[in-house]
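> mind looking at a prediction? Sequence and model below.
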Amino acid sequence: MLVLGFQGSPRKKGNTSFLLSTFMQAVEKLGAQTRIIEVAQKNIIPCKEYVVCEKKGYCPIDDDIKVEIYPLIRQAEVVVLASPIFFYNMTAQLKAVVDRCQTFWARKYKLKLTDPAKKTKCGFFLSVGATKGKNLFEGLQLTAQYFFDAIDARFEGSLTYRGIEGPKDMAKHPNVLEDVEKAVAELIKPLLGRKKILFACRENACRSQMASAFAQYLAGEKFEVLNGGSEPADKINPDMIKVMHEKGIDMAFRSPQSIEAAISNNSPEVIVTMGCGKECPFVPGAQMLDWDLPDPAGKPLDFMRQVRDEIENRVKNLIKQLP
Ligand SMILES: Cc1cc2nc3c(=O)[nH]c(=O)nc-3n(C[C@H](O)[C@H](O)[C@H](O)COP(=O)(O)O)c2cc1C
């Protein structure tokens with residue numbers, strides 16, 4: 001399970017950086033993977049309102065948001081925004097990330113598509129400000145809430161600190177470690193201990209992608225879902241994306257990965273293969289199931305639909321069968 005954090009302060013080793021790293025260390029202690037994006041060091045172009053996302057569902061601007069950040073937001077089950085208060089909101093650097101996520105807003109509200117991880121995806125924010133006013137975090141709270149809604153994440157709360165100004169003030173705070181550990185435990189513990197299921201096929205471009213998306217979509221709270229391929233393709237199958245979109249399930253920003261990458265941090269308890277049984281690695285103790293489904297790649301769209309529906313039924317049965 002990935003926890004993705006955006007460090008929104010341009011100040012290196014300042015208060016926000018300290019707060020987010022402390023938070024991520026607590027996450028790792030509980031056994032989840034983490035990734036911090038230092039927003040000020042990325043090539044992020046602010047939204048230019050081309051409105052392509054609202055019509056076509058993608059952003060034409062080529063930068064780190066497109067290449068790295070959109071896929072990470074989709075992969076993460078927990079997204080953490082961390083920012084100092086700059087004029088009663090987040091920093092401009094972080095706001096540029098948020099505005100570019102209009103692409104997710106458009107996919108959700110204009111194209112009516114749902115992130116397969118919606119059931120479990122959640123958002124949290126961390127913030128610090130120099131002054132002590134009651135309304136200090138209200139602007140950020142509103143922006144963060146609408147951002148989390150756009151990326152299909154449930155807003156789970158925040159940790160905020162007033163009177164923090166010099167770069168080391170946060171590190172000197174008497175309760176910060178205790179606050180962070182408590183918040184992280186409440187946020188992460190419900191997601192730990194889910195049964196890990198790996199869906200695997202040869203290219204990880206079509207059948208195992210559909211199976212993993214259905215499993216997340218239908219039972220993400222019960223299963224931690226992994227997917228991989230023995231010979232991963234360059235990109236996922238465009239016809240598969242089309243037929244999954246007919247079901248309202250958004251497959252954007254996913255790409256094939258190797259089985260080794262899928263299980264490098266996670267040992268699956270159940271492995272479901274899509275007819276590539278012999279090519280799959282042996283994972284000690286894992287229950288092996290082979291669905292022996294035909295490969296719909298390169299076949300007519302109707303055949304892809306049949307395989308999609310068969311996979312959906314099998315996933316539903318699997319959910320019923322597994323404890
Ligand atoms: C451009 C700018 C605007 C700021 N605006 C506010 C503000 O509106 N309210 C406030 O309490 N602090 C404000 N601050 C102070 C920062 O929030 C504070 O120093 C914070 O601790 C910086 O965190 P960092 O070390 O993570 O960058 C501002 C600082 C800067 C540089």
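Right, received. Where do you want to start?
> what's the pLDDT at the residue of the chain found nearest the ligand?
Nearest residue of the chain to the ligand, counting by C-beta to the nearest ligand atom: residue 14, 2.4 Å away. Every residue, glycine included, has its C-beta placed from N, CA and C. For residue 14, the pLDDT comes out at 98.
> just give the number of residues close to it.
When neighbours are defined as other C-beta atoms under 10 Å, residue 14 has 20 of them.
> quick check: chain neighbours aside, which residue is closest to it?
Once flanking residues are discounted, residue 14 sits nearest to residue 167: 4.5 Å by C-beta to C-beta, 6 or more residues apart in numbering.
> residues in contact with that neighbour?
11, 13-15 (C-beta atoms under 8 Å, 6 or more residues apart in numbering).
> report the two of these separated the most.
Between any two of the contacts of residue 167, the greatest separation by C-beta to C-beta is 9.3 Å, found for 13 and 15.
> and these two? which has more neighbours close in?
Neighbour totals were compared for residue 13 and residue 15, and residue 15 leads with 28 against 12 (other C-beta under 10 Å).
> which residue packs closest to that one, ignoring adjacent ones?
Using C-beta to C-beta, 6+ apart, the closest residue to residue 15 is residue 170 (3.7 Å).
> gap between the one you found and residue 213?
Distance of residue 170 to residue 213, computed by C-beta to C-beta, to the nearest Å: 39 Å.
> which of these two has more neighbours?
A count of neighbours by other C-beta under 10 Å puts residue 213 above the other of residue 170 and residue 213, at 27 against 21.
> residue 118 versus the more buried one, what's the distance?
Using C-beta to C-beta, we find residue 213 at a distance of 11 Å from residue 118.
> how about residue 231?
30 Å.
> compare those two (neighbour count), which wins?
Each of residue 231 and residue 118 has its neighbours counted (other C-beta under 10 Å); residue 118 has more, 17 against 13.
> where in the protein is pLDDT low?
Counting by pLDDT under 70, the chain has low-confidence residues at 276-282.
> for the residue nearest in space to the middle of it, give me its contacts.
Centroid-nearest residue in the chain: residue 76, 2.2 Å away (criterion: C-alpha atoms, centre = their mean). Contacts for residue 76 were tallied using C-beta under 8 Å, 6+ apart; they are 2-4, 35, 121.
> host element of residue 70?
Take DSSP states H and E as the rule and residue 70 turns out to sit in helix 70-75.
> and that helix, what's buried?
Residues 70, 72-75 are the ones in helix 70-75 that count as buried (16 or more other C-beta atoms under 10 Å).
> all strands of the stretch 1-150 of the chain, in order?
Ranges of strands in the stretch 1-150 of the chain, per DSSP state E, counting those that start in this stretch, are 2-7, 33-38, 78-84, 122-128.
> including mean neighbour count and distance to the ligand, could those strands go into JSON lines?
Formatted as JSON lines, these follow (neighbours: other C-beta atoms under 10 Å; distance: least, C-beta to the nearest ligand atom, whole Å):
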{"stretch": "strand 2-7", "mean neighbour count": "24", "distance to the ligand": "8"}
{"stretch": "strand 33-38", "mean neighbour count": "17", "distance to the ligand": "12"}
{"stretch": "strand 78-84", "mean neighbour count": "26", "distance to the ligand": "3"}
{"stretch": "strand 122-128", "mean neighbour count": "25", "distance to the ligand": "5"}
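> tell me which of those strands sits nearest to residue 297.
Closest to residue 297 of the strands of the stretch 1-150 of the chain, according to C-beta to C-beta: strand 2-7, at 27.8 Å.
> closest to residue 283 among the contacts of residue 76?
Among the contacts of residue 76, and counting by C-beta to C-beta, the member closest to residue 283 is residue 2, at 20.2 Å.
> please name the nearest non-neighbouring residue to the closest one.
Spatial nearest neighbour of residue 2, excluding adjacent residues (C-beta to C-beta, 6+ apart): residue 76 at 4.6 Å.
> so where does residue 212 fall, helix or strand?
Per DSSP H and E, residue 212 falls inside helix 207-219.
> dump that helix to PDB, restricted to CA.
C-alpha atoms of helix 207-219 as PDB (Å, rounded to 0.1, in the frame of the first residue of the first chain):
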ATOM      1  CA  ARG A 207      -7.000  -9.400 -18.200                       C
ATOM      2  CA  SER A 208      -5.000  -8.900 -14.900                       C
ATOM      3  CA  GLN A 209      -5.600  -5.100 -15.200                       C
ATOM      4  CA  MET A 210      -9.400  -5.700 -15.400                       C
ATOM      5  CA  ALA A 211      -9.400  -8.300 -12.600                       C
ATOM      6  CA  SER A 212      -7.400  -6.100 -10.300                       C
ATOM      7  CA  ALA A 213      -9.600  -3.000 -11.000                       C
ATOM      8  CA  PHE A 214     -12.800  -5.000 -10.400                       C
ATOM      9  CA  ALA A 215     -11.300  -6.400  -7.100                       C
ATOM     10  CA  GLN A 216     -10.400  -3.000  -5.900                       C
ATOM     11  CA  TYR A 217     -13.600  -1.400  -7.000                       C
ATOM     12  CA  LEU A 218     -15.800  -4.100  -5.400                       C
ATOM     13  CA  ALA A 219     -13.800  -5.100  -2.300                       C
END
